[in-house]
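Participant: Could you work out the structure for the sequence below:
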Amino acid sequence: MTATARAALRREVLEANLRIPATGLATLTWGNVSGVDREAGVFVIKPSGVPYERLTEDDLVVVALDDGRVVEGELRPSTDTETHRCLYRAFGSIGGVTHTHSAHAVAFAQARRAIPVLGTTHADTFDGPVPVTEVLTPEQCARDYEFHTGQVVVDLLDGDEARAEAVPGALVAHHGPFTWGATATASLEHAVVLEAVAEMALHTLTLGRVEPPQHLLDRHYTRKHGPGAYYGNPAPGAA
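Facilitator: Modelled structure (predicted):
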């Protein structure tokens, strides 16, 4: 990645982090976004505990993918850095990771319940329920906790790249959601969608669950994803 591309990545990561409070996904500093430069073997992430209103590009921290060392930045990286690193190393298609404590998604995580597919809004982005991990063991919490937080997500998906692309998010039991995507921006947008469908699911479940037909869900997913997708328009200037 060129210096220009690296600068663009830093701007993207900053803007994605600033969208966390703007979209209502965080209280205080409870959330972070990262973006990866695989050619350079590093990722850019929010520093730990810095309020969004004070966050600048210069505050962002660059971390090595191979061993987690800080290679650029004066501040300590997010405490969730090792979780992000674990996900990047497990799934090569991931270009960005977002973690929040958005209220409705956390409610499902705390209840250890997957977010069910109850309608087409969910199916537009997630090709199936948003799953929930196993509970971390005392040993996993005592040592390398943040790494093991990522590992339970990897284990949940059986390290399956295609599954991670089809359902770009998971709930860590009793903790909260992690989402990912091809870019930092995409991972943040998946976090926005995940919170929205979690809220819709909670309202729907209070009224009485009705299973939607699978063919309808499949149609909504495939019109946005895969070789037959036709939703939206190409970016200006694209062929």
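Participant: Now the spatially most central residue of the chain: phi and psi?
Facilitator: With distances taken as Cα atoms, centre = their mean, Thr179 lies nearest the centre of the chain, 1.7 Å away. Dihedral pair for Thr179: phi -130, psi 160, per degrees, to the nearest 10.
Participant: residue contacts, it?
Facilitator: Neighbouring residues of Thr179 by Cβ atoms under 8 Å, 6 or more residues apart in numbering: 97-99, 168-169, 187-188, 190-191, 194. Heads up, the C-betas are built off the backbone N, CA and C, glycines and all.
Participant: what about Leu18, which helix or strand?
Facilitator: Using DSSP states H and E, Leu18 maps to helix 3-22.
Participant: hang on, I meant Val44
Facilitator: Val44 belongs to strand 42-45 when assigned by DSSP H and E.
Participant: list the helices and strands whichever helix in the chain runs longest packs on?
Facilitator: Using DSSP state H, we find that the single longest helix of the chain is helix 184-207. Helices and strands touching helix 184-207, as assessed by 3 or more Cβ pairs under 8 Å, 6 or more residues apart in numbering; DSSP states H and E, comprise helix 3-22, strand 31-37, strand 96-100, helix 103-111, helix 120-123, strand 169-172, strand 176-181.
Participant: Export these as JSON lines, with columns for mean pLDDT.
Facilitator: Converted to JSON lines, the helices and strands packed on helix 184-207 look like this (pLDDT from 0 to 100):
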{"stretch": "helix 3-22", "mean pLDDT": "92"}
{"stretch": "strand 31-37", "mean pLDDT": "97"}
{"stretch": "strand 96-100", "mean pLDDT": "98"}
{"stretch": "helix 103-111", "mean pLDDT": "98"}
{"stretch": "helix 120-123", "mean pLDDT": "96"}
{"stretch": "strand 169-172", "mean pLDDT": "98"}
{"stretch": "strand 176-181", "mean pLDDT": "98"}
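Participant: tell me the most buried of these?
Facilitator: Of all these, strand 96-100 has the most neighbours on average by mean count of other Cβ atoms under 10 Å, namely a mean of 29.
Participant: So which other helices or strands are in contact with that one?
Facilitator: helix 3-22, strand 31-37, helix 81-90, strand 176-181, helix 184-207.
Participant: so which of the ones you listed comes closest to Val117?
Facilitator: helix 184-207 (8.5 Å; Cβ to Cβ).
Participant: buried sites along the next helix or strand after the closest one?
Facilitator: As assigned by DSSP H and E, the chain's next helix or strand after helix 184-207 is helix 214-222. With burial defined by 16 or more other Cβ atoms under 10 Å, the residues of helix 214-222 counted as buried are 217, 220-222.
Participant: What is helix 214-222 packed up against?
Facilitator: With contacts taken as 3+ Cβ pairs under 8 Å, 6+ apart, helix 214-222 sits against helix 120-123.
Participant: residues making contact with whichever helix or strand comes after the helix it packs on?
Facilitator: Next in sequence after helix 120-123, counting helices and strands by DSSP H and E, comes helix 138-142. Applying Cβ under 8 Å, 6+ apart, the set of residues contacting helix 138-142 from outside is 148, 151-152.
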